[in-house]
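*Asks:* could you work out the structure for the sequence below:
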Amino acid sequence: MQIRIYKKKLYLYLILAILAFLFCLSIPSAPLYSYNQNTYFFHGLSNAGFGYLSTDWLATTKDSFPVFSKIIQYTYLFFPEISFNVYFILIKILFFLSLILLSRKLFNLDKVRIYYLSVILIFINSLAFQYYSLEKLGINLGDILTNGFANQYLLGETFQPSVFGVFLLLAIVLYLFKKSKLAICSCAIAANIHSSYLLHGLIVVLSFQLFDKGFGLRGLAINTCYYLVLCLPSSLYIISNFVLDQASYSVVAQDILVHRIIPFHADINYFFSFSEQIQLVIIASSMFLIPSRYFSLSISFAILVVTLLTIAQYLGSASFFALMFPWRLTVVFVPLAVLIISSFIIKNINNRILYSKITIIFSLFVLCETSFLSNELKINRIDFLNNQAAMPISKKILNEKKNVTYLIPPSFVEFRLDTGASTFVDNKNHPYEASSVLEWFGRLELANKFYQNLNCNILEEISEKYSIRHAIVSIKDSFNCKFWNNIYCVSSYCLFAKS
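*Replies:* Okay, the predicted model is just below:
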């Protein structure tokens, strides 16, 4: 009898593992060292001796994500690079299993309904759903149903600090299972790796402790202090390096960050659109479907706090508060809301429909087709990224391995990690320290002025002030500055050096 039970459990775990694998296979992912990794991997790789990044001026700026940088540094030094992809896969699995456990706990779904819920989660989060909804409907339903406000998200396409927001989702699951200490630790993990989650971790802790009948005000105070103590090192680091330091520069630097660099994340007037309105409706609708009073009160309180903080930021227009991203917790609220609505629908579907062969066969078809199409789209996307115009000259510079600093078109945001070379500036990878933000912005303005019409006077100013003697210019542009010689051209770009 025990052997039969063991085999049955093993079979169920195997099915769940297959579904988790298909989930990882279906959701969007990008090649290593692409997109935001060029920002978040920089300090870790620089400290690990990746190419000549340690000679880049950006390496002298203060690291905004020191814990994450240590993960990158020691992984690069002691483990194969594929480990970064393994980390990301583990985060994806944690996300998937957290949602399944949450649904199981809230709605008490049986095994068949859990299977159908898994199919829905895989489909909604898949690259195929994103791509075809955008192509056929003109709107990316995948982003709306899986991301939060302001183009922020939990998983995204690359391993980066924001993916550790999954631990906030895990904390909510742990609270439902009455594991408050583990839940607080989970919030602290997210907060220590990504400082934006310091506020959101505190909101989760307060919301779920406040309505737990097992804790009075004393218990609430103790557990809140427990969270704050766990986050103390990171909090002190952020405050001393980015809040108190160089306060005279901070207002100007914060305005540049909010309104010039990341308005799509930080400026409500910029990012609030039709997509956010749909997400608001989804979140509000899901609140009426929650069967657990404790969960309903806790999550409603968290939503209320985030709403009030967002309104306060909008009315006050303080750039410092905007950079705390009070609306960022919607990256948890939206997937939760979609899960609640999906679980409620599945819970109330007739067994005869769910257990019919036609429904099962159709769900398997959706599962296989979604996984196949998503994987095919990912392969095509990787091929596209590897054949961009900047890639050939980047590969040439990588093979040369010269310790020089390059002036590059500001749009070459992946040049540093593609080549391991020191770079003057690009328009994405920036510091957060106030004085360094101003330095970065000044460099960017000079670079933009030069590349607008290849002004030789601007180039000479950059060369003299920053000792830049190598510049990459499009082969289509007419470049003829005194003392600058064409070294070679590769595909669409040429390298010039000052004699």
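
*Asks:* okay, CA-based contacts and neighbour counts for the rest of this
*Replies:* Fine.

*Asks:* where do the helices of the stretch 151-300 of the chain begin and end?
*Replies:* 166-176, 180-193, 197-210, 217-230, 232-238, 247-256, 263-266, 268-271, 274-286, 293-316 (DSSP state H, counting those that start in this stretch).

*Asks:* how many residues are close by C456?
*Replies:* Residue neighbour count, defined by other Cα atoms under 10 Å, stands at 15 for C456.

*Asks:* quick one: secondary structure of the spatially closest residue to it that is not a sequence neighbour?
*Replies:* The shortest distance from C456 to any residue other than its chain neighbours is 5.6 Å, reached at C481 (Cα to Cα, 6 or more residues apart in numbering). Secondary structure state of C481, per DSSP: H, G, I helix; E, B strand; the rest coil, is coil.

*Asks:* same thing with N403?
*Replies:* coil.

*Asks:* likewise for A471?
*Replies:* strand.

*Asks:* so for stretch 292-299, mean pLDDT?
*Replies:* Stretch 292-299 shows a mean pLDDT of 92.

*Asks:* and if you look at stretch 192-200?
*Replies:* Mean predicted confidence for stretch 192-200 is 94.

*Asks:* got the CA positions of that stretch in CSV?
*Replies:* Only the C-alpha atoms of stretch 192-200 are listed here, as CSV (Å, rounded to 0.1, in the frame of the first residue of the first chain):
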residue,chain,number,x,y,z
ASN,A,192,18.9,42.9,0.0
ILE,A,193,19.5,42.0,-3.7
HIS,A,194,17.4,44.8,-5.2
SER,A,195,17.1,47.9,-3.0
SER,A,196,13.8,48.9,-4.7
TYR,A,197,12.2,46.0,-2.9
LEU,A,198,13.1,47.4,0.6
LEU,A,199,9.8,49.3,0.7
HIS,A,200,7.8,46.6,-1.0
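
*Asks:* got the buried residues for it?
*Replies:* N192, I193, H194, S195, S196, Y197, L198, L199, H200 (16 or more other Cα atoms under 10 Å).

*Asks:* H259 is in contact with N269, isn't it?
*Replies:* No - counting by Cα atoms under 8 Å, H259 stays clear of N269, with 10.1 Å between them.

*Asks:* higher neighbour count, the two?
*Replies:* Legend: neighbour count by other Cα under 10 Å for H259 and N269, higher for H259 (15 against 10).

*Asks:* roughly how far does that one sit from S250?
*Replies:* As judged by Cα to Cα, to the nearest Å, H259 and S250 stand 14 Å apart.

*Asks:* go on, R293?
*Replies:* 44 Å.

*Asks:* tell me which of the two has more neighbours.
*Replies:* Using other Cα under 10 Å as the criterion, R293 and S250 rank with S250 on top: 22 against 9.

*Asks:* so what's the more buried one up against?
*Replies:* V243, A434, S435 (Cα atoms under 8 Å, 6 or more residues apart in numbering).

*Asks:* from these, which would you call buried?
*Replies:* Buried among these (16+ other Cα under 10 Å): A434, S435.

*Asks:* out of the contacts of S250, show me where the pLDDT dips lowest.
*Replies:* Within the contacts of S250, V243 has the lowest pLDDT, namely 74.

*Asks:* which non-adjacent residue is nearest that residue?
*Replies:* Counting by Cα to Cα, 6+ apart, the residue nearest V243 is S250, at 7.8 Å.

*Asks:* now do the helices in the stretch 351-499 of the chain.
*Replies:* Counting by DSSP H, counting those that start in this stretch, the helices of the stretch 351-499 of the chain are 351-354, 357-386, 391-400, 415-419, 434-453, 456-466.

*Asks:* residues contacting the residue lying closest to T405 once chain neighbours are set aside?
*Replies:* Using Cα to Cα, 6+ apart and skipping residues adjacent in sequence, the residue nearest T405 is S422, 4.6 Å away. The contact partners of S422, taken as Cα under 8 Å, 6+ apart, are Y52, L53, S54, T55, D56, W57, N403, V404, T405, Y406, R416.

*Asks:* widest-spaced pair of those residues?
*Replies:* S54 and Y406 (14.1 Å; Cα to Cα).

*Asks:* low-confidence bits of this structure, can you list those?
*Replies:* 1-8, 244-249, 376-390 (pLDDT under 70).

*Asks:* let's see 80
*Replies:* With pLDDT under 80 as the threshold, the chain has low-confidence stretches at 1-12, 28-29, 213-217, 242-251, 317-321, 355, 357, 360, 364-391, 477.

*Asks:* I114 falls within a helix, correct?
*Replies:* Yes - I114: assigned to a helix according to three-state DSSP.

*Asks:* tell me how many other residues surround it.
*Replies:* By other Cα under 10 Å, 20 other residues sit near I114.

*Asks:* got the contact list for it?
*Replies:* By Cα under 8 Å, 6+ apart, the neighbours of I114 are I100, R104.
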